[in-house]
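Visitor: Let's see this in three dimensions:
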Amino acid sequence: MSKEWPDRLILRKTINFQLLAEAKTNFSSYRKCAMATKITAMYRNRLIFMSSKRFDSNILKPVLLATICTLLFGGTIASAQSVVITPKKTVYTRPKPISDYKKTFTVTYPKVKASTPALSRKIESAISYSKVLELNVREEISDVQWLEEADFEVNYNARGILVITLSMNGSGAYPDGTSKTVVVNLRTGSRITPGEAFTNVSGLVALIRTKQKAEVAAAIKELKEDPEERDTDHSELFEGKVFTVEDLNEFALDDRGVTFIYDYGFPHVIKALEPEGRYTFKWAAVARFIKPAGPLAKFAGR
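Guide: Numbers count the residues shown, from 1 in each chain. The predicted model follows:
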């Protein structure tokens, strides 16, 4: 049997008003949907759907519910696939610089625009210099006076994942720099931890160590072939330099695979001898170590 549904079906559901606006904007892709011909009004936490057709009531109810859910949350899902990152450069002036070239320093902040202001703030907090690199701007202005520049690079921004590298350069007794790469879940706004992303971490670490051992062997071989370095025992440089579970905290990724990052921590005077410390694997090679229900499962086909 068929029946004529009321001209107006009011969905009472408390949701974010900005997301409603996004749902309305993205509604064009659903115009051919026979269950809801158009959205005619939007009032705070209500969507009013108009319908002028006759449908079988047993079929319409579940399909209409699915359509409503798609309209409500479809825009949110789409918008969470990437975010807008805008650089904001700030120049700080030191009132009592220890030298002329220490009068100022610059910090380029990554300003985030996500689907909601709250999510934007959470992502910015996860990728802040203070949290990732322990930068204290107030101390840099007054006491420390090491920093010259802080900047960032977006490595990946798609499929609900943001990969960003934050770096700082400065000088004390000699010029130096540091950087860290962070992977953020754009749905939650939080940094992805190894515990969330990986399984059988001991097996994963063992796999990474095979590449590290090959890297160290190649580095020592190259040093021995250098006339200025051949008489030095460079194996001492790598004592205790072994990738561990704790080192899984820093990694990067893209559609092709995942890269684990290791810092050998060589002193400045021999920094040029330090291996790159980047171990890249295609997704197929590490699929068994990716949690099936984790945030990276979609990359590994799990």
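
Visitor: which stretches of the stretch 51-200 of the chain form helices?
Guide: 57-79, 117-126, 129-132, 137-142, 194-197 (DSSP state H, counting those that start in this stretch).

Visitor: measure residue 206 to residue 257 for me?
Guide: In this view, residue 206 and residue 257 are 18 Å apart by Cβ to Cβ, to the nearest Å. For glycine as for every other residue, the C-beta is placed from the backbone atoms N, C-alpha and C.

Visitor: got it, and residue 164?
Guide: Residue 164 is 18 Å from residue 257, by Cβ to Cβ.

Visitor: Between these two, which has more neighbouring residues?
Guide: residue 164 (23 against 16; other Cβ atoms under 10 Å).

Visitor: Can you tell me who the more buried one pairs with across the strands?
Guide: Counting by DSSP bridges, residue 164 forms beta bridges with residue 154, residue 182.

Visitor: Looks like it contacts residue 129 (just checking).
Guide: No: assessed by Cβ atoms under 8 Å, residue 164 is found out of contact with residue 129, at 11.3 Å.

Visitor: burial count for the residue nearest to residue 140 when sequence neighbours are not counted?
Guide: Distance criterion Cβ to Cβ, 6 or more residues apart in numbering; nearest residue to residue 140, sequence neighbours excluded, is residue 147 at 4.8 Å. Applying other Cβ under 10 Å, we find 23 residues neighbouring residue 147.

Visitor: could you dump stretch 218-235 to PDB, C-alpha only?
Guide: What follows is stretch 218-235, C-alpha atoms only, in PDB (Å, rounded to 0.1, in the frame of the first residue of the first chain):
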ATOM      1  CA  ALA A 218      76.800   1.700   3.800                       C
ATOM      2  CA  ALA A 219      77.800   4.800   5.800                       C
ATOM      3  CA  ILE A 220      80.800   3.100   7.400                       C
ATOM      4  CA  LYS A 221      81.900   1.700   4.000                       C
ATOM      5  CA  GLU A 222      81.700   5.200   2.500                       C
ATOM      6  CA  LEU A 223      83.700   6.700   5.400                       C
ATOM      7  CA  LYS A 224      86.500   4.100   5.000                       C
ATOM      8  CA  GLU A 225      86.800   5.000   1.400                       C
ATOM      9  CA  ASP A 226      87.400   8.700   2.300                       C
ATOM     10  CA  PRO A 227      91.200   9.300   2.500                       C
ATOM     11  CA  GLU A 228      90.700  11.800   5.300                       C
ATOM     12  CA  GLU A 229      88.600   9.300   7.400                       C
ATOM     13  CA  ARG A 230      89.900   5.900   6.500                       C
ATOM     14  CA  ASP A 231      92.200   5.600   9.600                       C
ATOM     15  CA  THR A 232      89.400   6.400  12.000                       C
ATOM     16  CA  ASP A 233      87.200   3.700  13.600                       C
ATOM     17  CA  HIS A 234      83.800   5.000  12.700                       C
ATOM     18  CA  SER A 235      81.900   2.100  14.200                       C
END
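
Visitor: For the closest residue in space to residue 297 that isn't next to it in sequence, what are phi and psi?
Guide: Leaving aside its chain neighbours, residue 297 sits nearest to residue 290 (5.9 Å; criterion: Cβ to Cβ, 6+ apart). Dihedral pair for residue 290: phi -90, psi 130, per degrees, to the nearest 10.

Visitor: okay, and for this protein, where does confidence drop off?
Guide: Counting by pLDDT under 70, the chain has low-confidence residues at 1-80, 230-231.

Visitor: Let me see the ranges of the strands in it.
Guide: Taking DSSP state E, the strands of the chain run over residues 2-4, 8-12, 38-43, 46-50, 54-56, 84-93, 104-113, 147-158, 161-171, 175-185, 190-191, 251-253, 257-261, 278-282.

Visitor: So residue 209 is in contact with residue 242, correct?
Guide: Yes: with contact defined as Cβ under 8 Å, residue 209 reaches residue 242; the gap is 6.9 Å.

Visitor: and residue 105, how many residues sit next to it?
Guide: There are 23 residues near residue 105, going by other Cβ under 10 Å.

Visitor: try residue 107
Guide: Residue 107: 19 surrounding residues under other Cβ under 10 Å.

Visitor: Contacts only, for it.
Guide: 89-90, 92, 129, 135, 137, 147, 149-150 (Cβ atoms under 8 Å, 6 or more residues apart in numbering).

Visitor: can you tell me which two in those are farthest apart?
Guide: Using Cβ to Cβ, the pair of the contacts of residue 107 lying farthest apart is 89 and 135, separated by 15.1 Å.
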